[in-house]
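Q: Sequence unavailable; structure follows:
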């Protein structure tokens, strides 16, 4: 199982990015998926993830309405669309699979992370 993120970068406040997470070794339907982030000096936190308990997609309050998680099964890739970015969104963003306590970070598999930096 491997997860490889891409798409991070430096953007001005109000800008947009699309993060990609290419999965290999499993199909996207095999595990619940999620995106997490960790800012300098802070705990890792859930951004968006699939909730098995009610088959919904969770969004943290601080990103709801601005970020969207979606998948392309044909490409075996999961995306996180980031819009109206704020400086406080600056963090390393991680793709994860196999977590059953969304937004808890108990996922079994993690990507290496991609840096998102938002300038004011």
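A: Yep, it's here. Everything numeric in this text was worked out from a predicted model, so none of it was measured.
Q: if you skip the residues just before and after it, what's nearest to residue 93?
A: Distance criterion Cβ to Cβ, 6 or more residues apart in numbering; nearest residue to residue 93, sequence neighbours excluded, is residue 37 at 4.8 Å. In short, each C-beta sits where N, CA and C put it, glycine included.
Q: The one you found: neighbouring residues, count only.
A: Applying other Cβ atoms under 10 Å, we find 23 residues neighbouring residue 37.
Q: for it, what are its contacts?
A: Contact analysis of residue 37 by Cβ atoms under 8 Å, 6 or more residues apart in numbering lists 44, 45, 47, 89, 91, 92, 93, 94, 116.
Q: Please repeat the previous calculation with a cut-off of 7 Å.
A: 45, 47, 91, 92, 93, 94 (Cβ atoms under 7 Å, 6 or more residues apart in numbering).
Q: Phi, psi for it please.
A: The phi/psi pair for residue 37 (degrees, to the nearest 10) reads phi -150, psi 160.
Q: so what pLDDT did it get?
A: Reading off the confidence values, residue 37 has pLDDT 98.
Q: Against residue 31, how distant is it?
A: 19 Å (Cβ to Cβ, to the nearest Å).
Q: Please name the bridge partners of the closest residue to residue 21 other than its chain neighbours.
A: In space, residue 21 comes closest to residue 95 once its chain neighbours are excluded; the distance is 3.3 Å by Cβ to Cβ, 6+ apart. Beta-bridge partners of residue 95, counted by DSSP bridges, are residue 35.
Q: picking that back up, ok, now how distant is the residue nearest to residue 93 from residue 62?
A: Distance, residue 37 to residue 62, using Cβ to Cβ: 10 Å.
Q: do the same with residue 98
A: Counting by Cβ to Cβ, the gap from residue 98 to residue 62 is 24 Å.
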